[in-house]
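A.B. asks: okay, sequence plus prediction incoming.
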Amino acid sequence: MAPISTESSRRDPSGDARSTPDRHFDFIVCGAGTAGSVVAGRLAADPDVRVLLLEAGGDDDCPEVMEPGQWPLNLGSERDWNFSGAPNPHLNDRSIPLNMGRALGGGSSINVMLWARGHMNDWEDFALASGNDAWNYESVLKIYQRVEDYWGAPDPQRRGVSGPVHVSPAARPQPVATALLEAARQIGIPTFENPNGEMMEGRGGAAINDLIVKEGRRQSIYRAYVHPRRGQSNLTVLPHSLVSRLVWSGKRVVGVDVVRDGRLERFTADREVILSLGAVNTPKVLMQSGIGPEAELGRHGIPLVQHLPGVGANHQDHVSFATIFEYEEPQQVGHGGSEATLYWSSDSAMRLPDMFHCQVEFPVPSAENAGPDVPQHGWTMFAGLAHPKSRGHVTLSGPDVTDAPIIQTNTLADPDDLRCALDNIRLVQELGAQSAFKGLVRRESLPGRLSGAALEHYARNAAVTYWHQSCTARMGRDEMSVVDGALKVYGVEGLRIADASVMPHITSGNTMAPCVIIGERAVEEISAAYGF
């Protein structure tokens with residue numbers, strides 16, 4: 001395929017010229033988030049391939065998206081699906097927010113901009129689950145090398161320098177970020193030049209974050225792959241277009257029904273439809289279109305097309321627990337506020353790290369733990385679980401597009417997750433007590449000197465999501481798998497899935513970069529199938 005152009009379109013930057021779009025395409029990509037943007041941009045590189053990209057949200061050209069420090073303002077806005085988990089008895093009956101991007105660029109337009117490629121063994125697991133070596137680390141590393149435009153220390157074995165995705169280490173990180181790295185060294189955790197590559201081929205470590213920020217502006221995956229092509233006649237991008245259902249001809253998907261401007265419209269695909277709606281909306285659309293657990297569909301009177309019991313099951317997310325420290329003096333916030341991270345395996349024999357810690361340069365308590373102990377000026381270490389054992393599910397509240405999905409996260413349902421959470425909190429407390437923070441940090445504010453049941457209660461109230469929902473239409477070869485190693489949905493034709501829902505298990509770290517891989521892998525398989 002031709003390379004992605006880096007030049008801006010000469011057409012109207014607001015989008016496609018035609019007010020009444022074509023109805024017939026070769027490929028329809030549903031969702032302009034991270035993976036969907038990759039798929040649409042790569043497919044549209046061939047001028048003979050007609051591509052439609054549908055997005056429920058609106059434009060990304062606003063300060064809250066483009067200016068890194070304003071990302072928190074997107075949460076709860078029109079650029080957020082504003083999902084919430086169902087009340088959870090393991091979290092003191094809390095219903096926690098599950099924010100998800102709803103705009104051109106999806107999560108890559110509203111997230112904290114971290115580029116985290118996953119651990120080597122994440123990809124080996126994907127290859128094993130799928131039976132397809134194109135998912136193994138060696139293969140995925142080649143994809144990362146071709147998609148990255150990396151502006152950090154040269155590492156030709158692992159990093160790319162001429163791809164469409166700008167990646168660079170946080171420039172001039174704040175003192176609290178560099179102090180974290182020194183504190184890690186003081187307790188025996190190694191530090192690395194960057195958090196991708198060598199660091200994620202072993203036990204883990206600490207590093208300054210890689211970010212998708214260029215010259216002070218967010219460079220989302222939509223901006224990398226789709227925006228440069230908005231003037232092409234073979235690419236149609238329709239924001240404010242809510243995918244309702246798949247359209248069938250027998251057991252072949254031939255198009256989608258879409259709600260636009262309050263009207264239901266139909267678009268058809270001569271070759272394939274690709275769902276890239278995320279780990280909540282992808283299973284929702286599948287089920288409301290007749291693909292999923294027979295009993296769940298029957299409960300809502302939805303005619304069954306293909307029984308796939310794994311649709312909506314296996315929900316996974318990174319959960320974290322804030323430990324908050326007070327500064328001696330107010331400090332600046334850099335690069336959106338997250339400049340350092342730490343991954344670690346509590347046991348050296350582990351194949352994957354179980355600890356995933358993100359530093360944030362301001363206090364971020366949960367609503368339940370907000371109170372007088374939260375300092376006005378301070379920093380947060382989110383002590384997170386890299387691979388929680390708890391599993392949730394997404395189900396339907398009704399058969400219609402306006403019926404909200406029900407998300408049962410079951411966070412901390414597995415007792416091992418609570419034990420790991422407490423170990424993570426204690427590790428952060430140990431980090432924060434190191435001499436590296438002398439003169440910078442006055443005290444630990446939360447949770448403080450809690451233990452036993454009191455610390456458990458704090459953790460249940462502190463638990464929040466990293467916004468990495470995944471695995472609800474997982475790739476594999478067993479009866480609970482939804483897609484095969486080529487991302488084709490079992491039992492139907494003309495349909496693939498390319499988003500975080502296909503992950504067999506959640507990757508170690510932020511999921512944006514792995515979703516780029518999923519999009520690229522989808523295009524590899526599509527190109528092989530159609531010979532372009």
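C.D. replies: That came through, no problem. Numbers count the residues shown, from 1 in each chain.

A.B. asks: ok, residue 33 touching residue 81?
C.D. replies: No: under the criterion of C-beta atoms under 8 Å, residue 33 makes no contact with residue 81, lying 10.7 Å away. For glycine as for every other residue, the C-beta is placed from the backbone atoms N, C-alpha and C.

A.B. asks: so what sits against both of those two?
C.D. replies: Common contact partners of residue 33 and residue 81 (C-beta atoms under 8 Å, 6 or more residues apart in numbering): residue 101.

A.B. asks: OK, contacts around the closest residue to residue 110 other than its chain neighbours?
C.D. replies: Residue nearest to residue 110 in three dimensions, not counting chain neighbours: residue 74, with 3.8 Å by C-beta to C-beta, 6 or more residues apart in numbering. Contact partners of residue 74, counting by C-beta under 8 Å, 6+ apart, are 64, 65, 80, 101, 109, 110.

A.B. asks: so what's the residue count around the second one?
C.D. replies: This means residue 65. Number of residues near residue 65 (other C-beta atoms under 10 Å) recorded here: 26.

A.B. asks: ok so it is a helix residue?
C.D. replies: Yes: under DSSP: H, G, I helix; E, B strand; the rest coil, residue 65 sits within a helix.

A.B. asks: pull stretch 294-303 out as PDB, backbone CA atoms only.
C.D. replies: Provided in PDB are the C-alpha atoms of stretch 294-303 (Å, rounded to 0.1, in the frame of the first residue of the first chain):
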ATOM      1  CA  GLU A 294     -28.600 -17.000  22.200                       C
ATOM      2  CA  ALA A 295     -30.200 -16.600  25.600                       C
ATOM      3  CA  GLU A 296     -29.300 -12.900  25.900                       C
ATOM      4  CA  LEU A 297     -30.700 -12.200  22.400                       C
ATOM      5  CA  GLY A 298     -33.800 -14.100  23.100                       C
ATOM      6  CA  ARG A 299     -34.400 -12.100  26.300                       C
ATOM      7  CA  HIS A 300     -34.800  -9.000  24.100                       C
ATOM      8  CA  GLY A 301     -36.600 -10.600  21.200                       C
ATOM      9  CA  ILE A 302     -33.700 -10.200  18.800                       C
ATOM     10  CA  PRO A 303     -33.600 -12.900  16.000                       C
END
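
A.B. asks: sec struct for residue 375, please.
C.D. replies: Strictly by three-state DSSP, residue 375 counts as coil.

A.B. asks: quick check, it in contact with residue 327.
C.D. replies: Yes: the criterion here is C-beta under 8 Å, and residue 375 meets it with residue 327 at 7.2 Å.

A.B. asks: for the chain, which spans come out with low pLDDT?
C.D. replies: 1-21 (pLDDT under 70).

A.B. asks: so what's the residue located most distally from the centre of it closest to, chain neighbours aside?
C.D. replies: What lies farthest from the middle of the chain is residue 439; by C-alpha atoms, centre = their mean that is 36.1 Å. Nearest residue to residue 439, sequence neighbours excluded (C-beta to C-beta, 6+ apart): residue 328, at 6.3 Å.

A.B. asks: quick one: the helices in the stretch 101-250 of the chain?
C.D. replies: 107-110, 120-130, 137-147, 175-186, 221-225 (DSSP state H, counting those that start in this stretch).

A.B. asks: who wins for proximity to residue 371 among the ones you listed?
C.D. replies: Among the helices of the stretch 101-250 of the chain, helix 175-186 comes nearest to residue 371, with 22.6 Å by C-beta to C-beta.

A.B. asks: for that closest one, buried residues please.
C.D. replies: Neighbour-count burial for helix 175-186 flags 175, 176, 177, 178, 179, 180, 181, 183, 184 (criterion: 16 or more other C-beta atoms under 10 Å).

A.B. asks: what's the spacing between the last one and residue 440?
C.D. replies: Distance, residue 184 to residue 440, using C-beta to C-beta, to the nearest Å: 15 Å.

A.B. asks: next: the second one.
C.D. replies: Between residue 176 and residue 440 the distance is 6 Å, computed by C-beta to C-beta.

A.B. asks: which residues do these two both contact?
C.D. replies: 327, 331.

A.B. asks: residue 447: what's it in contact with?
C.D. replies: Applying C-beta under 8 Å, 6+ apart, the residues near residue 447 are 323, 425, 455, 458, 459, 462.

A.B. asks: three-state assignment of the third one?
C.D. replies: When you say that, I think you mean residue 455. Assignment for residue 455 (three-state DSSP): helix.

A.B. asks: pretty sure it sits against residue 422.
C.D. replies: Yes: applying C-beta under 8 Å, one finds residue 455 in contact with residue 422, separated by 6.1 Å.

A.B. asks: run a quick neighbour tally on residue 453.
C.D. replies: Using other C-beta under 10 Å: residue 453 sits among 8 other residues.

A.B. asks: what's the neighbour count on residue 348?
C.D. replies: 7.

A.B. asks: now swap in residue 32 and tell me
C.D. replies: That count, for residue 32 with other C-beta under 10 Å as the rule, works out to 35.

A.B. asks: make sure it is indeed in a strand.
C.D. replies: No: looking at residue 32 with three-state DSSP, it is coil, so not inside a strand.

A.B. asks: excluding chain neighbours, what is closest to it?
C.D. replies: Nearest to residue 32 is residue 55, by C-beta to C-beta, 6+ apart, at 3.7 Å.

A.B. asks: quick one: residues contacting that neighbour.
C.D. replies: 31, 32, 36, 103, 104, 106, 237, 238, 239, 240, 241.

A.B. asks: let's go with 10 Å and repeat that
C.D. replies: 29-33, 36-37, 40, 101-106, 222, 226, 237-243, 276-277 (C-beta atoms under 10 Å, 6 or more residues apart in numbering).

A.B. asks: separation between it and residue 101?
C.D. replies: Applying C-beta to C-beta to residue 55 and residue 101 gives a distance of 10 Å.

A.B. asks: hey, what's in contact with both of those two?
C.D. replies: Counting by C-beta under 10 Å, 6+ apart, the residues touching both residue 55 and residue 101 are 31, 32, 33, 222.

A.B. asks: may I ask which of those residues has the most neighbours?
C.D. replies: residue 32 (35 neighbours).

A.B. asks: ok, that one touching residue 51?
C.D. replies: No: assessed by C-beta atoms under 10 Å, residue 32 is found out of contact with residue 51, at 11.5 Å.
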